[in-house]
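# sequence and predicted structure, then a few things I'm wondering about:
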Amino acid sequence: MARLVYASQRYVENPMLSLIVPVYNTPVSLLNRALQPFIDQQYSDMEVILVDDASQSLEHSEMHALLERLKTSASLFRHSRNGGQNAARQTGVNNAKGQYIAFLDSDDYLDPHEFDKVLHGMHTVHADIYGYNYIYIDGTGNELFRHGMAMQKSEMLDKHEAVRKAAQLWPWIFARDLFRADSLYGEIPVGEDLVSVIPLLIRASSIYGINAYPYHYVCNPHSVMQTTPATDRLRIIQGFDHLIAALGPEEEEYQPEVEWQAIEHVLYWEPRHILREQGPLPQAELRQIRNWMNRAFPQWRKNRYLMSDSLAHEMGFKLLIGGHYRIYRMINHLRHK
């Protein structure tokens, strides 16, 4: 259950864009950083929707004072019980008035100059979905690397490539009518973005990539992504089961891309995270991963992207998808001595 606890007087009847910010125990200093562009500048054609997912350590008076400083239309909804990040996002979607929906995690932030480029692109070219690039930074603000779907130029994107490469919700802006009541799957601690974004991309009739870098993703070593134990990381399998069930026969042409996503995330990234943990090799968990993959995608070894994707030629990738976990861990240990 969510209730509206704040609505600014800067009401916008039919905004072009709704920016949804899920919040859970986020320090007000980080929220201030995330919302700074909307404090400094009025965006007359958009709204900001914050959803407090039953925070326990959030100062409500400070939050309200922060919202009062925004020059852009803003509202705050509060959950009575914690439901997870995608539940908060879904509340935002359900209450959004914008033609388009975007997401911003509360510990990340936007570059206002680059964000203006995105808005200009939206006004220039019509599409169901807009994608933009992003910058990974560390906790002190140092740039680590850049990534995205439109790093060379702004252009219409191939939908198969978007489905193959997308892993997060936040580098995209979606037409609101692409969402369903249960579009944002939130039953797993890792991979919820991945299994939510793929159906949205498949439903789109057009995807436009904008060569801009508005989104700054702050890498946090203490985040859920980095600290989830091996047994919970296996629940990404549950997410893929949900995704496979959600895709009907008309989406069968995207089976190679969905299969590649499973190869990359279930066979590579999750074992890579699991093997960082100290102690004996978690053989039961690793065996469960491979058994699931062979059952869900029995022909995965013939996937076309195992020949063409650059990741597939890296030694670590080959070792992990081949099940050579002891060798991978030994080599990784020697590299970090």
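Received the coordinates, thanks. Numbering: from 1, shown residues only.
# and S310, how many residues sit next to it?
Counted with other C-beta atoms under 10 Å, residues neighbouring S310 total 7. Backbone N, C-alpha and C define where each C-beta goes, glycine included.
# distance-wise, check it relative to H147.
With distances taken as C-beta to C-beta, to the nearest Å, S310 is found 13 Å from H147.
# so for the strand ranked longest in the chain, mean pLDDT?
Of all the segments of type strand in the chain, defined by DSSP state E, the longest one is strand 207-218. Here strand 207-218 scores 97 as its mean pLDDT.
# with stretch 75-91 instead?
Taken as a whole, stretch 75-91 carries a mean pLDDT of 95.
# and if you look at stretch 61-68?
Here the average pLDDT along stretch 61-68 is 91.
# which parts of the longest strand of the chain are buried?
Neighbour counts over strand 207-218 (16 or more other C-beta atoms under 10 Å) mark I207, Y208, G209, I210, N211, A212, Y213, P214, Y215, H216, Y217, V218 as buried.
# from the residues you listed, which is closest to I188?
Ranked by distance to I188 (C-beta to C-beta), the buried residues of strand 207-218 are led by Y217 at 20.0 Å.
# show me what contacts that closest one?
By C-beta atoms under 8 Å, 6 or more residues apart in numbering, Y217 lies in contact with D105, D108, Y134, I135, Y136, I137, W170.
# 10 Å instead?
105, 107-109, 134-137, 144, 147, 168, 170-171 (C-beta atoms under 10 Å, 6 or more residues apart in numbering).
# tell me the most packed of those, by neighbour count.
P171 leads these on contacts (other C-beta under 10 Å) with 24 neighbours.
# ok, for that one, nearest residue in space, not its chain neighbours?
The spatially closest residue to P171, leaving aside those adjacent along the chain, is Y134, at 5.2 Å (C-beta to C-beta, 6 or more residues apart in numbering).
# quick one: low-confidence ranges for the chain?
Scanning the chain for pLDDT under 70 picks out 221-227, 337.
# gap between I39 and M293?
Separation of I39 from M293 (C-beta to C-beta): 47 Å.
# ok, these two, which is more surrounded?
Neighbours were counted for I39 and for M293 using other C-beta under 10 Å; M293 has more, 20 against 14.
# how about the contacts made by the more buried one?
M293 neighbours (C-beta under 10 Å, 6+ apart): I237, F240, E259, A262, I263, V266, L267, W300, R301, I321.
# still on that earlier bit, okay, and the residue nearest to P171 sits in which element?
According to DSSP states H and E, Y134 maps onto strand 129-137.
# tell me which helix or strand comes right after that strand.
Helices and strands here follow DSSP H and E; after strand 129-137, the next one along the chain is strand 143-147.
# check which residues of stretch 13-27 are buried.
Residues P15, M16, L17, S18, L19, I20, V21, P22, V23, Y24, T26 are the ones in stretch 13-27 that count as buried (16+ other C-beta under 10 Å).
# now swap in stretch 28-48 and tell me
For stretch 28-48, a neighbour-count test (16+ other C-beta under 10 Å) marks L30, L31, R33, A34, L35, P37, F38, Y43, D45, M46, E47, V48 as buried.
# same deal with stretch 235-253?
For stretch 235-253, by 16+ other C-beta under 10 Å, it's R235, I236, I237, G239, F240, H242, L243, I244, A246, E251.
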